[in-house]
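K.L.:
using only what follows, build the 3D model:
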Amino acid sequence: MVTQEQRKRQLAREKFLRQQQRRTEARRKARMRNSVIASVLGVILIGSVAIYTTGVLKDDKKANASSETTPSAAPTSKAPDPCAKPAEGSVKKLSWKKEPTTTIDTSAKYTMKLATTCGDIDIALKTSAAPHTVNSFDFLASKGFFDHTKCHRLTTNGIYVLQCGDPTGSGSGGPGYTIPDENLKDKSLKGGVYPAGTVAMANTGQKHTGGSQFFLVYQDSQLPPSYTPFGTISASGLKVLKKIAAAGESTGQGDGAPNATVVINKATVTKS
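P.N.:
Modelled structure (predicted):
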């Protein structure tokens, strides 16, 4: 017999997948429309195409908010923001057509530090098990891709994750390329559970659709083994995540923007 709590978790997982699929479809349509505009109007209208793209992303975010995250009643109280003000600077607008060439040493150990407004999150990367993913993060971090980006989504019901890595902050952004799924049979994924401390790639629900968005698991979360696990968070990093989670999310429904001001001031990947 399925318990009420199990049913609640199942619904949360299904909702998570639906949102990922809608966001990918919005990105696909935006790319198609931009290609048509570019081919008809030529290089002169590049500026106009950029403005159009921005509009599409805003509409996508608005649609998601109305269909999935609009609360029936606004929360009556809000916990104090536990995080500091973001460092000065702005998000870089970067995009590439193809996955970067592998430059990492796949036999070496790498770590990633997310210097956030809420504290440092140190991550040991699974280089040999997820070489495409680690190489992509090494490349993106070296270009400053993650710097000054917001962690745009906190889920506190059914699954327990903080999602980051979208330069647009809308849930629909990425680096312009995708990377293959990896390490889906990692020994840490037992019983369909991504354990607390896992760092994994977000995707659209389809195979090999990872980009730059990733999620950090702060409490054991039951999910299908479809999301590349590529890192493990340090004990001090988990404390930072739990502080963020304790501040709650914006909808009061368990899935929305974090109330805490979570910004990655600087992301750094280092060879040990």
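K.L.:
show me where the stretch 101-250 of the chain has strands.
P.N.:
Ranges of strands in the stretch 101-250 of the chain, per DSSP state E, counting those that start in this stretch, are 110-116, 119-125, 149-150, 153-157, 159-164, 193-194, 198-201, 214-217, 221-222, 229-233.
K.L.:
give the burial count for residue 85, as a bare number.
P.N.:
Residue 85: 9 surrounding residues under other Cβ atoms under 10 Å. The C-beta positions use only the backbone N, C-alpha and C, and glycine is treated the same way.
K.L.:
let me redo that: residue 119
P.N.:
17.
K.L.:
would you turn the strands of the stretch 101-250 of the chain into JSON lines with distance to residue 175?
P.N.:
Shown next, in JSON lines, are the strands of the stretch 101-250 of the chain (distance: least, Cβ to Cβ, whole Å):
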{"stretch": "strand 110-116", "distance to residue 175": "16"}
{"stretch": "strand 119-125", "distance to residue 175": "17"}
{"stretch": "strand 149-150", "distance to residue 175": "12"}
{"stretch": "strand 153-157", "distance to residue 175": "18"}
{"stretch": "strand 159-164", "distance to residue 175": "14"}
{"stretch": "strand 193-194", "distance to residue 175": "23"}
{"stretch": "strand 198-201", "distance to residue 175": "12"}
{"stretch": "strand 214-217", "distance to residue 175": "12"}
{"stretch": "strand 221-222", "distance to residue 175": "25"}
{"stretch": "strand 229-233", "distance to residue 175": "15"}
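K.L.:
ok, the nearest residue to residue 174 once chain neighbours are set aside to residue 87 distance?
P.N.:
Of all residues beyond its chain neighbours, the one nearest residue 174 is residue 211 (3.2 Å), with distances taken as Cβ to Cβ, 6 or more residues apart in numbering. Residue 211 sits 24 Å away from residue 87, going by Cβ to Cβ, to the nearest Å.
K.L.:
among the strands of the stretch 101-250 of the chain, which is nearest residue 249?
P.N.:
Closest approach to residue 249 among these is made by strand 153-157 (4.3 Å; Cβ to Cβ).
K.L.:
direction included, what does the closest one pair up with?
P.N.:
strand 159-164 (antiparallel), strand 255-256 (antiparallel) (DSSP bridges).
K.L.:
what about the last one, average pLDDT?
P.N.:
Here strand 255-256 scores 97 as its mean pLDDT.
K.L.:
that strand: what's the following helix or strand?
P.N.:
Using DSSP states H and E, the helix or strand that directly follows strand 255-256 along the chain is strand 263-271.
K.L.:
helices or strands up against that following strand?
P.N.:
strand 110-116, helix 131-142, strand 149-150 (3 or more Cβ pairs under 8 Å, 6 or more residues apart in numbering; DSSP states H and E).
K.L.:
those: which one's closest to residue 256?
P.N.:
Of all those, strand 149-150 comes closest under Cβ to Cβ, at 12.9 Å.
K.L.:
quick one: list the elements packing against that closest one.
P.N.:
For strand 149-150, the elements it packs on are strand 263-271, judged by 3+ Cβ pairs under 8 Å, 6+ apart.
K.L.:
average pLDDT across the strand it packs on?
P.N.:
On average, strand 263-271 scores 98.
K.L.:
what do you get for stretch 113-126?
P.N.:
98.
K.L.:
from the middle of its chain, how far away would that stretch be?
P.N.:
14 Å (Cα atoms, centre = their mean, to the nearest Å).
K.L.:
buried set for that stretch?
P.N.:
Using 16 or more other Cβ atoms under 10 Å as the test for burial, stretch 113-126 gives 113-119, 121-126.
K.L.:
if we can go back for a sec, ok, residue 211 and residue 87, which is more surrounded?
P.N.:
Neighbour tally, residue 211 and residue 87, criterion other Cβ under 10 Å: the higher count belongs to residue 211, 23 against 13.
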